[in-house]
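Chemist: Following is a predicted model, sequence given first.
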Protein chains: 2
Amino acid sequence: MVFAIQPFCKRETILPKTLLRVLSGETVSPPPVWLMRQAGRYLPEYRAIRAKTKNFLEMVYTPDIAVEVTLQPLRRYGMDAAILFSDILVIPDALGQSVAFMQGEGPVLEPLRTATDIGRLTSAGLHEHLAPVYETVRRLAKELDSNTALIGFAGAPWTVAVYMVEGRGGTDHATIRRWAYSDPVGFGRLIELLVEATVAYLSYQIEAGAEAVQLFDTWAGVLSEQQFQQWCIAPTKAIVERLREKHPGVPVIGFPRGAGALYVDYISNTGVNGIGLDTGVPLSWAAQVLQPQGAIQGNLDNQLLATGGNALDAAVDRLLAIFGHGPFIFNLGHGIVPDTPPEHVARLVERVRAWNG
Amino acid sequence: MVFAIQPFCKRETILPKTLLRVLSGETVSPPPVWLMRQAGRYLPEYRAIRAKTKNFLEMVYTPDIAVEVTLQPLRRYGMDAAILFSDILVIPDALGQSVAFMQGEGPVLEPLRTATDIGRLTSAGLHEHLAPVYETVRRLAKELDSNTALIGFAGAPWTVAVYMVEGRGGTDHATIRRWAYSDPVGFGRLIELLVEATVAYLSYQIEAGAEAVQLFDTWAGVLSEQQFQQWCIAPTKAIVERLREKHPGVPVIGFPRGAGALYVDYISNTGVNGIGLDTGVPLSWAAQVLQPQGAIQGNLDNQLLATGGNALDAAVDRLLAIFGHGPFIFNLGHGIVPDTPPEHVARLVERVRAWNG
């Protein structure tokens, strides 16, 4: 009798985690929810640990701390996914271009500008340098319950290269964009080095227990169409292909922030399973054009989460109404900002969970 | 005989200027060309004048200087349009919120944050304060030859409000975005004040001789879809409608930088005659989706213009090939950067002029 096995099939514990179901193309209602920078300065328990550490990278490279900080938002809100506590700049750091996090200034690097500078980088010590990160992933994989997915991540090559060449993030990117225009072969070597390091890094994260990985391309939005094809889509596609060979079942989420209409090319041509939408992406357009091609993740305004109130509720409802009937992961369009009241996050998660659209 | 009048009809001087023909929906080959910040620091003759003035606003408010600086790039390159030399922040300045231009820092304003702060602004002295700008427009209108169009401009309300509320431009816009979410009525009063001032300001520019006007919405890209509708599209639509009542024949170009997929909503709903595309907008998409609805202006990468070489030539050719068969104004995706070699601009203009696609 067919019906006899139904209760067995429905058992929550043997179904894959909701985040992974969505990334395989399934619609889950209510959708899974996690938030970029859910482990971060808006939480008093995070600030307490941060105050006791020398610098940001010490937190990243100390598994006891990184595990604890990763788990903090899960204890409060029971998110559907944990994201490894780390930073996209561990890659240049591991390649020999050391990174400093300045108070109030963000990361600073000694800029790299020529083929000779690239020659000084080496991936020989990559995994040794990143061993504490893998250890954090291993411990997290054991800690998480059977409903919570573990997301590993890396910066996409273009965005990591921005920090490596400009020395920091929020510039006009003049140096790197001109280098890429005037010497695509030389600059391409840096990107290829980053593709290889990223594949190696994410493979180790997956082997340590990461069930999905996200590529953060924070500065994708500054590229012209042609540079976007060359320095965002092509390297992302290469990473996805090489990862898929090694780990065929592990989904990749891409986040080309600011890609605008180029989100279409990105999702069509990179092979990612899901895409993170930044705050500016219009919902109905994305539901119509992007969601048929992959899972949507996003895109509540982080400043609206910080503001709270009825406008927040209305925006949450709108996201659920427009994206909730297809593969959708509820998230922000950019990371949680430090002065966000933690109770706004609770309110958001509760509202998503209560949805029965 | 019909043929007898043909030579008369073809006389260059009685045809409207190419820029205006394109903004009325006509395809002109080769297309007209002008460049954002064509009057600026990349020109030695500009720097010579700047060195002799106290500050940036003195240049803007002194017709002798503003006229001279506006004309400098025309003498070198014979662009198809002159754009009034001014700044979007003359509006807050004229409303009583004084603006200072700090060396290397850009404009700085004492931030305005509450309904009371808005109450202190007054448009009573608007036209008196801006009289030198109108005088500049009047003189330019007399100076320009019959092929060169005169473009007036203003900042769009959202972007001007960013400077008024944040005190400067390149922030995360947290304060203004939260204000707009938490108190849309109060914030709406500031936007409405700016709509009225902008209509008055542009009307006077038109009466002084501006033949087209451009609205710069430099910070449109930070808005979520709903805020974009409310604070970019709605005020722009209001300005276009009120201007059109007063000056039905004068075209409006909108430049909602970073609007991404929302460029579609912008061109469909604001009533502008043409849109400026930022560097990130993909060409074929824009040609297919946007150009049937209005003239396209843009969008060569300003960093590629600074870089020069074959990559520049190829990008110029690609723009012409994709947009040149419809209403198109050749321009950059963002203003010329100060260290651009002037000979790259000459090379670009020459290449556009030689096109016979």
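Modeler: Perfect, I can see it now.

Chemist: all contacts plus neighbour counts: C-alpha atoms, from now on.
Modeler: Will do.

Chemist: Could I get the contacting residues of the closest residue to chain B within chain A?
Modeler: Residue nearest to chain B within chain A: A:Gly260 (3.7 Å; C-alpha to the nearest C-alpha). Counting by C-alpha atoms under 8 Å, 6 or more residues apart in numbering or on different chains, A:Gly260 touches A:221, A:280-281, B:258-261, B:280-281.

Chemist: cool, and A:Thr270?
Modeler: For A:Thr270, the contact set (C-alpha under 8 Å, 6+ apart) comprises A:233-234, A:236-238, A:240.

Chemist: Would you mind giving those as CSV with secondary structure, distance to chain B and neighbour count added?
Modeler: Shown next, in CSV, are these (DSSP: H, G, I helix; E, B strand; the rest coil; distance: C-alpha to the nearest C-alpha, whole Å; neighbours: other C-alpha atoms under 10 Å in any protein chain shown):
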residue, secondary structure, distance to chain B, neighbour count
A:Ile233, helix, 13, 23
A:Ala234, helix, 16, 17
A:Thr236, helix, 18, 26
A:Lys237, helix, 19, 18
A:Ala238, helix, 22, 17
A:Val240, helix, 23, 25
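
Chemist: how about these in JSON lines, adding pLDDT and distance to B:Leu300?
Modeler: Formatted as JSON lines, the contacts of A:Thr270 follow (pLDDT from 0 to 100; distance: C-alpha to C-alpha, whole Å):
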{"residue": "A:Ile233", "pLDDT": "98", "distance to B:Leu300": "20"}
{"residue": "A:Ala234", "pLDDT": "98", "distance to B:Leu300": "22"}
{"residue": "A:Thr236", "pLDDT": "98", "distance to B:Leu300": "25"}
{"residue": "A:Lys237", "pLDDT": "98", "distance to B:Leu300": "26"}
{"residue": "A:Ala238", "pLDDT": "98", "distance to B:Leu300": "28"}
{"residue": "A:Val240", "pLDDT": "98", "distance to B:Leu300": "30"}
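
Chemist: Near chain B, which residues of chain A are found?
Modeler: Proximity of chain A to chain B (C-alpha under 8 Å from any C-alpha of the partner chain) is limited to residues A:174, A:177-178, A:181-182, A:221-225, A:258-262, A:279-283, A:285, A:301, A:303-304, A:306-307, A:309, A:311.

Chemist: Let's see the ChimeraX selection covering just the buried ones among the residues you listed.
Modeler: Buried members of the residues of chain A next to chain B, defined by 16 or more other C-alpha atoms under 10 Å in any protein chain shown, are picked up in ChimeraX with:
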select /A:174,177,178,181,182,221,222,223,224,225,258,259,260,261,262,279,280,281,282,283,301,303,304,306,307
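
Chemist: From the structure, what's the count of residues near A:Arg168?
Modeler: Other residues near A:Arg168 come to 20 when the count uses other C-alpha atoms under 10 Å in any protein chain shown.

Chemist: Likewise for A:Leu202?
Modeler: Residues near A:Leu202, counting by other C-alpha under 10 Å: 22.

Chemist: same check, this time on A:Leu57
Modeler: 17.

Chemist: What strand or helix carries it?
Modeler: Mapping A:Leu57 onto the secondary structure by DSSP states H and E places it in helix A:56-61.

Chemist: Can you mark which positions in that helix are buried?
Modeler: Applying 16+ other C-alpha under 10 Å to helix A:56-61 flags A:56-57, A:59-61 as buried.

Chemist: quick check: mean pLDDT across the helix or strand following that helix?
Modeler: Next helix or strand after helix A:56-61 toward the C-terminus (DSSP H and E): helix A:63-77. The average pLDDT within helix A:63-77 is 98.

Chemist: How far away from the center of its chain is stretch A:98-113?
Modeler: How far stretch A:98-113 lies from its chain's middle: 21 Å, per C-alpha atoms, centre = their mean, to the nearest Å.

Chemist: Can you give me the end-to-end span of it?
Modeler: 15 Å (C-alpha to C-alpha, to the nearest Å).

Chemist: Pull the residues that contact it.
Modeler: In contact with stretch A:98-113 (C-alpha under 8 Å, 6+ apart) are residues A:55-57, A:89-90, A:92-93, A:97, A:118, A:163-169.

Chemist: Now restrict these to buried residues only.
Modeler: Counted by 16+ other C-alpha under 10 Å, the contacts of stretch A:98-113 give A:56-57, A:89-90, A:92-93, A:97, A:118, A:163-169 as buried.

Chemist: now, the most widely separated pair of these?
Modeler: Distance extremes for those: the farthest pair is A:Phe56 and A:Ile118 at 25.6 Å, using C-alpha to C-alpha.

Chemist: Now do the helices in the stretch 1-150 of chain A.
Modeler: Using DSSP state H, counting those that start in this stretch, the helices assigned to the stretch 1-150 of chain A run over residues A:6-10, A:18-23, A:44-51, A:56-61, A:63-77, A:90-95, A:115-120, A:126-143.

Chemist: relative to helix A:63-77, how tilted is the longest one?
Modeler: Using axes from the mean of the first three to the mean of the last three C-alpha atoms, to 10 degrees, the inter-axis angle of helix A:126-143 relative to helix A:63-77 is 40 degrees.

Chemist: Report the buried residues of helix A:126-143.
Modeler: A:126-127, A:129-130, A:132-141.

Chemist: Dump those to CSV, plus pLDDT.
Modeler: Converted to CSV, the buried residues of helix A:126-143 look like this (pLDDT from 0 to 100):
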residue, pLDDT
A:Leu126, 97
A:His127, 97
A:His129, 97
A:Leu130, 98
A:Pro132, 98
A:Val133, 98
A:Tyr134, 98
A:Glu135, 98
A:Thr136, 98
A:Val137, 98
A:Arg138, 98
A:Arg139, 98
A:Leu140, 98
A:Ala141, 98
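
Chemist: Check whether the residue nearest the centre of chain A sits in a helix, strand or coil.
Modeler: In chain A, the residue lying closest to the centroid (C-alpha atoms, centre = their mean) is A:Gln214, at 4.0 Å. Following DSSP: H, G, I helix; E, B strand; the rest coil, A:Gln214 is assigned to strand.
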